[in-house]
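Colleague: Make a model of this:
(one chain, ligands or ions: 1)
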Amino acid sequence: ALAQRDEAADELERRTRIFASAQERYYERPMQIERGWRHHLIDTTGRAYVDVVNNVTGLGHGHPGVADAMNRQSRILNTNSRFLFRELAEYSERLLALLPADSELDTVLLVNSGSEAVDLALRLAQAATGRRTVVSLREAYHGWTMASDAVTTSAYDNPYALENRPDWVHVADVPNRFRGTHRGEDSGARYAADLGADLERLAADGRDVAGFICESVLGNAGGVMLPDGYLADAYQRVRDAGGLCIADEVQVGFGRMGSTFWGFEQSGVRPDIIAIAKPMGNGFPLGGVITSKRVADALASQGQFFSSAGGNPLSCRVGLAVLDAMAEDGLQENARVVGGRLADGFRELGARHEIIGPVHGEGLYLGVELVRDRETMEPAKEEAAAICERLKELGVIVLTTSERSNVLKVKPPLCLTAESADFVVAALDRVLTEGW
Ligand code: PMP
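Modeller: Below you'll find the model as predicted:
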């Protein structure tokens, strides 16, 4: 343990020396990680942790099928997408086949990250409508590029933009029914009406909406489900105003919801543009936009679209291997079953521990909101941080999210087992019982 502490301390010192201070890192005293396997991370002393936060490695760490596909394709061919090769169309067709049967989306554009996907989605909405204004919800994270950062409204992630937001972005209220402007199950219509009023004001100011972007489930808030009826109502109002609806599915899509493949299916809506990334490559950088040909072709009015590595044979092969493994391993169904078990476990803890407020989410995108008072919803921010540090000592890697840093974010690899889910709940129970 002593050797490991020294190694981790050395690595931290080295990292601090060569990294920009703006780059976030986890934990006061991080462990030095050496290996990942399925839903576990293993440190240099051989200690295994249950990894409850790595939603990028949706299949789990070290997946052999993906490693084999990567190895094989990198020996055969890797070149940019201006050449003709079979993998690009094959992967794009497989992505389109994941859409609900009644979807009219038929076109795929491949990039390398979620930020790029969001950036491209915004560009598409502006090109297709010939308008500039984009409406984004408060407390959102959408990426770091100039455009995706402009619609990142979280004061936690992007305090600079609160004062310096470009004029093409309008920030609308976040429809959080637990602690927002409107509360309760029936708050969806009221939030949507507020959005409608915003759209009317924008139009009156000559700022007709090009696009409306939001996460289909509020991921950055810790998996807060949108109130009933909100998204359908919001999409209708945006479309009536001539705008396009963009679903950011980077975090909540791709099987994680369990009961549905996409987050937007939870609200029964159909977006015009979908941005995807994180789990597509299981850690290999892969992102994309799914839309209609009409919208995609509008991009031609702005010149050519080209990404050097986006859609190359290697990334497409990785993407195909990920989809194969998801199906073979039954991961969406596992997310439904194990996610349900985990949520039940957290809710049961809520009956015994006052600090647990609402348990958010669906499938394996959950958020355990910690509050000092269930009525006032005063965030238990310092407590949440201390609980995460103690959970790490007990072998569980879980971290905080939300604007108030008081929600334990639970978005593990989708291969999480029932046994490990029970271990996580038992560890949290122990921390809350013993103190932290
Ligand atoms: N959208 C959402 C909802 C995200 O959570 C993130 C990343 N956290 C992004 C976009 C940006 O993705 P990336 O980090 O791959 O650029």
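Colleague: measure the residue in the stretch 51-200 of the chain that the ligand sits nearest to to residue 192 for me?
Modeller: Taking CB to the nearest ligand atom as the measure, the stretch 51-200 of the chain has residue 114 as its residue closest to the ligand, at 2.2 Å. C-betas here are computed from N, CA, C, even on glycine. As defined by CB to CB, to the nearest Å, residue 114 lies at a distance of 26 Å from residue 192.
Colleague: Between those two, point out the one with more neighbours.
Modeller: Counting neighbours by other CB atoms under 10 Å for residue 114 and for residue 192 shows that residue 114 has the greater number, 28 against 22.
Colleague: so that one touches residue 278, yeah?
Modeller: Yes - assessed by CB atoms under 8 Å, residue 114 is found in contact with residue 278 at 6.1 Å.
Colleague: Touching both of the two, which residues are there?
Modeller: residue 250 (CB atoms under 8 Å, 6 or more residues apart in numbering).
Colleague: tally of neighbours for the nearest residue to residue 353 once chain neighbours are set aside?
Modeller: Distances taken as CB to CB, 6 or more residues apart in numbering put residue 432 closest to residue 353, at 4.4 Å, once the chain neighbours are dropped. By other CB under 10 Å, the residues close to residue 432 number 19.
Colleague: Surely residue 432 and residue 349 touch.
Modeller: Yes - the criterion here is CB under 8 Å, and residue 432 meets it with residue 349 at 6.8 Å.
Colleague: what do these two both touch?
Modeller: Going by CB under 8 Å, 6+ apart, residues that sit against residue 432 and also against residue 349 are residue 356.
Colleague: Where does the record place the domain boundaries for this protein?
Modeller: The record's domain split for the chain, according to automatic domain parsing, is 2-59+330-434, 64-328.
Colleague: Take those domains and lay them out in JSON lines including mean pLDDT.
Modeller: Output for the domains of the chain, formatted as JSON lines (pLDDT from 0 to 100):
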{"stretch": "domain 2-59+330-434", "mean pLDDT": "94"}
{"stretch": "domain 64-328", "mean pLDDT": "96"}
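Colleague: Now do stretch 292-312: everything it contacts.
Modeller: With contact meaning CB under 8 Å, 6+ apart, stretch 292-312 is reached by 78-82, 88, 91-92, 104-107, 109-112, 116, 120, 123-125, 127-128, 244, 272-273, 285, 287, 315.
Colleague: and the residues you listed, which are buried?
Modeller: 81, 88, 91-92, 105, 107, 109-112, 116, 120, 123-125, 127-128, 244, 272-273, 285, 287, 315 (16 or more other CB atoms under 10 Å).
Colleague: Among these, which ones are in strands?
Modeller: 107, 109, 110, 111, 244, 273, 287 (DSSP state E).
Colleague: Name the residue of the stretch 151-300 of the chain that lies nearest to the ligand.
Modeller: For the stretch 151-300 of the chain, CB to the nearest ligand atom, closest residue to the ligand: residue 250, 3.6 Å.
Colleague: State the phi and psi torsions of the most centrally placed residue in the chain.
Modeller: Centrality entry for the chain: nearest residue to the mean C-alpha point is residue 251, 1.7 Å, by CA atoms, centre = their mean. Here is the backbone geometry of residue 251 (degrees, to the nearest 10): phi -100, psi -40.
Colleague: How about it: what's its closest non-neighbour residue?
Modeller: residue 219 (3.8 Å).
Colleague: Make sure that neighbour is actually in contact with residue 256.
Modeller: No - counting by CB under 8 Å, residue 219 stays clear of residue 256, with 9.5 Å between them.
Colleague: Give me the common contacts of the two.
Modeller: residue 365.
Colleague: which one of these two has more residues nearby?
Modeller: residue 256 (31 against 26).
Colleague: Scan this protein for its longest helix.
Modeller: Criterion DSSP state H: the longest helix present in the chain is helix 331-352.
Colleague: Check what contacts it and list those residues.
Modeller: 58-59, 255-259, 261, 325-326, 356-357, 359, 361-366, 368, 410, 414-418, 421-422, 424-425, 428-429, 432.
Colleague: Would you indicate which residues of it are buried?
Modeller: Quick answer for helix 331-352 (16+ other CB under 10 Å): 331-332, 334-336, 338-343, 345-346, 349-350.
Colleague: again, but for stretch 351-361
Modeller: 355, 356, 357, 358, 359, 360, 361.
Colleague: Now secondary structure and distance to residue 380 too, for those residues, in JSON lines please.
Modeller: Output for the buried residues of stretch 351-361, formatted as JSON lines (DSSP: H, G, I helix; E, B strand; the rest coil; distance: CB to CB, whole Å):
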{"residue": "355", "secondary structure": "coil", "distance to residue 380": "6"}
{"residue": "356", "secondary structure": "strand", "distance to residue 380": "9"}
{"residue": "357", "secondary structure": "strand", "distance to residue 380": "8"}
{"residue": "358", "secondary structure": "strand", "distance to residue 380": "13"}
{"residue": "359", "secondary structure": "strand", "distance to residue 380": "14"}
{"residue": "360", "secondary structure": "strand", "distance to residue 380": "15"}
{"residue": "361", "secondary structure": "strand", "distance to residue 380": "18"}
